[in-house]
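> the following block contains a protein sequence and its predicted model.
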Amino acid sequence: MNSRQNLDLSAYLVVGPENTKGRPVTQIIKEAVVAGFTCVQIRSKFASARELITLTAQAARVIAEVGSPEAVTLLVDDRLDVILAARKQQIKVDGIHVGQSDIPVEVCREYLGKNAIIGLSARTNELFEYIKTVDTALIDYFGAGPLHETATKPDCGLDRDGKVKTRSFADFEKLAKLSPIPVVVGGGVKHNDIPQLAQTGVDGFFVVSAVSEAENPGLEATRLVESWKSAKIS
């Protein structure tokens, strides 16, 4: 199956055990998928490889039980080794998301094959020049942000001086027009940002704490999805 043909970035959840207020990661994923989230990324800077493989297997099982494995994309952040080990165990994982300082995309493509999804965090510095010049042949989408400063990932959007550089809705509108591949935007995104973000022309939003740390993750996930859909129709 070609995961790249089914990629829908409209509602993208990033989640790991450190972001759930002690609740099972699978519970958060289940509620988000039921609510209509189309992409799930497993991300943890603290979990071991074995823990991440187990978590990926659990996530794949939940997606298969409550959603559609073809309609919901499952990615792992940064850890090519985890994805390869998971696939060896016949776990359905669709691809990887990498940052600028992570494993190179050409290595990911070589090991994961032509049908895997590879997402790349766009550079915050010189964002527009970067989008114009980077070779996008090996990647499927850009992750861009932050819209706001975020405690979930305090290093998101650091410029060369070590200061966080947030981006405006106008920046994302320009980015969507310039980028030859889909763009998904996050970084402190909340429900009240969705209508304006949807109007920029980007392909989706990604959230962490807005869902995973919400008092009622399913309810908040539903509000986000419905708000995005409504804004796209209007």
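All right, it came through fine.
> just the strands in the protein please.
11-15, 39-42, 73-77, 95-98, 117-121, 141-144, 183-185, 204-207 (DSSP state E).
> just put those in JSON lines and tack on mean pLDDT and mean neighbour count.
The C-beta positions use only the backbone N, C-alpha and C, and glycine is treated the same way. Below are those laid out as JSON lines (pLDDT from 0 to 100; neighbours: other Cβ atoms under 10 Å):
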{"stretch": "strand 11-15", "mean pLDDT": "98", "mean neighbour count": "26"}
{"stretch": "strand 39-42", "mean pLDDT": "98", "mean neighbour count": "26"}
{"stretch": "strand 73-77", "mean pLDDT": "98", "mean neighbour count": "24"}
{"stretch": "strand 95-98", "mean pLDDT": "98", "mean neighbour count": "25"}
{"stretch": "strand 117-121", "mean pLDDT": "96", "mean neighbour count": "23"}
{"stretch": "strand 141-144", "mean pLDDT": "96", "mean neighbour count": "25"}
{"stretch": "strand 183-185", "mean pLDDT": "97", "mean neighbour count": "24"}
{"stretch": "strand 204-207", "mean pLDDT": "98", "mean neighbour count": "25"}
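> could I get these as TSV with distance to Gly218?
Below are the strands of the chain laid out as TSV (distance: least, Cβ to Cβ, whole Å):
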stretch	distance to Gly218
strand 11-15	12
strand 39-42	14
strand 73-77	19
strand 95-98	24
strand 117-121	25
strand 141-144	24
strand 183-185	21
strand 204-207	14
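> identify whichever of those lies nearest to Ile29.
Smallest distance to Ile29 across these (Cβ to Cβ): 5.6 Å, for strand 39-42.
> name the helices or strands packed onto the closest one?
In this structure, strand 39-42 packs against strand 11-15, helix 25-35, helix 49-66, strand 73-77, strand 204-207, with contacts taken as 3 or more Cβ pairs under 8 Å, 6 or more residues apart in numbering; DSSP states H and E.
> contact partners of that strand?
Outside strand 39-42, the residues that touch it by Cβ atoms under 8 Å, 6 or more residues apart in numbering are 7-9, 11-16, 25, 29, 32-33, 52, 55-56, 59, 63, 72-77, 97, 184, 204, 206.
> hang on, the earlier thing: the strands of the chain: which one's closest to Ser3?
strand 117-121 (5.2 Å).
> can you show me the CA trace of that closest one as CSV?
Extracted C-alpha coordinates of strand 117-121, given in CSV (Å, rounded to 0.1, in the frame of the first residue of the first chain):
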residue,chain,number,x,y,z
ILE,A,117,5.8,9.3,4.4
ILE,A,118,8.7,11.6,5.4
GLY,A,119,7.9,14.9,7.0
LEU,A,120,10.5,17.6,7.7
SER,A,121,10.4,20.5,10.0
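> what's it packed up against?
Other helices and strands packing on strand 117-121, by 3+ Cβ pairs under 8 Å, 6+ apart, are strand 73-77, strand 95-98, helix 105-112, strand 141-144.
> can I get the ones you listed in JSON lines with distance to Ser44?
Shown next, in JSON lines, are the helices and strands packed on strand 117-121 (distance: least, Cβ to Cβ, whole Å):
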{"stretch": "strand 73-77", "distance to Ser44": "8"}
{"stretch": "strand 95-98", "distance to Ser44": "13"}
{"stretch": "helix 105-112", "distance to Ser44": "18"}
{"stretch": "strand 141-144", "distance to Ser44": "17"}
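> Ile131: which of the ones you listed is closest?
strand 141-144 (7.1 Å).
> got a list of contacts for that closest one?
For strand 141-144, contacts defined as Cβ under 8 Å, 6+ apart pick out 7, 9, 97, 117, 119-122, 127, 131, 167, 172, 175, 179, 181-186, 202-203, 206.
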